[in-house]
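Enquirer: Sequence first, predicted coordinates after that:
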Amino acid sequence: MSSKHTAHRSHTQRGTQLGTQAQSGKRKRPLPYIPGSSDRLAERFVQILSEYEGEPRARMYIYRATKDGYAIRPAILKCHVIERVEEYIRDRFGGGDYAIYIRLGETMLIAGIISIRTPKYRY
C-alpha cells in the first residue's frame, strides 16, 4: 500500500477512534454558554463584537437555541456584527437562549450560546 493511502487510512481510523464523523469531517456538539463557560470566552466574545462591528466581511448568524446547547435552524437573523447584540436580541426577539456564530469571510471567529433575560417590570 502506498504512503498516500496509508496516511488517508490512518486519518480515517483516527477520526473513527475519536468518535468523529470521518466522512464529513464535522461533528455536532453543543455550543458553550457565553458567559458562563469561561471568563476567557466571554472576554473574547466582547472583544470580537467591539473589533468587528462595522467590518463589511464580518457576519453574525443568530439562532434560537435548545437548552442543551444546539442551534435551531433556520437562523432568525443574519446581519453585520452588532456590538450591543444582547440588547438588540432582547428588544427584537425577547428572552431565551440564542446561538450566535460570528464569521469573518470563511473563518469562524466565535460560536456560543447567550442567555437573554427579559427585565423584570415594576408596577
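Expert: Perfect, thanks for sending it. Residues are numbered from 1 along each chain as shown.
Enquirer: Just want the phi and psi numbers for Pro30.
Expert: The phi and psi values for Pro30, taken as degrees, to the nearest 10, are phi -70, psi 150.
Enquirer: I meant Gln47, not that one.
Expert: phi -60, psi -40.
Enquirer: Do you know the pLDDT at it?
Expert: In the predicted model, Gln47 carries a pLDDT score of 96.
Enquirer: Could you do Gln21 as well?
Expert: Each residue has a pLDDT score; the one for Gln21 is 34.
Enquirer: What of Met1?
Expert: Reading off the per-residue confidence, Met1 sits at a pLDDT of 49.
Enquirer: Arg117 too?
Expert: According to the model's per-residue confidence, Arg117 sits at a pLDDT of 88.
Enquirer: Let me know how buried it is, in neighbour terms.
Expert: Taking other CB atoms under 10 Å as the criterion, the count of residues near Arg117 is 9. C-beta: built from backbone N, CA, C; applies to glycine.
Enquirer: Pull the contacting residues for it.
Expert: Gly95 (CB atoms under 8 Å, 6 or more residues apart in numbering).
Enquirer: Need the phi and psi values for it.
Expert: Listed backbone geometry of Arg117 is phi -110, psi 140, with angles given as degrees, to the nearest 10.
Enquirer: Look up how far Arg64 lies from the residue nearest the centre of the chain.
Expert: Note on the chain: the residue nearest the mean C-alpha position is Ala111, at 2.0 Å, using CA atoms, centre = their mean. Separation of Ala111 from Arg64 (CB to CB, to the nearest Å): 15 Å.
Enquirer: And for Gln47?
Expert: Noted for Gln47: a distance of 25 Å to Arg64, by CB to CB.
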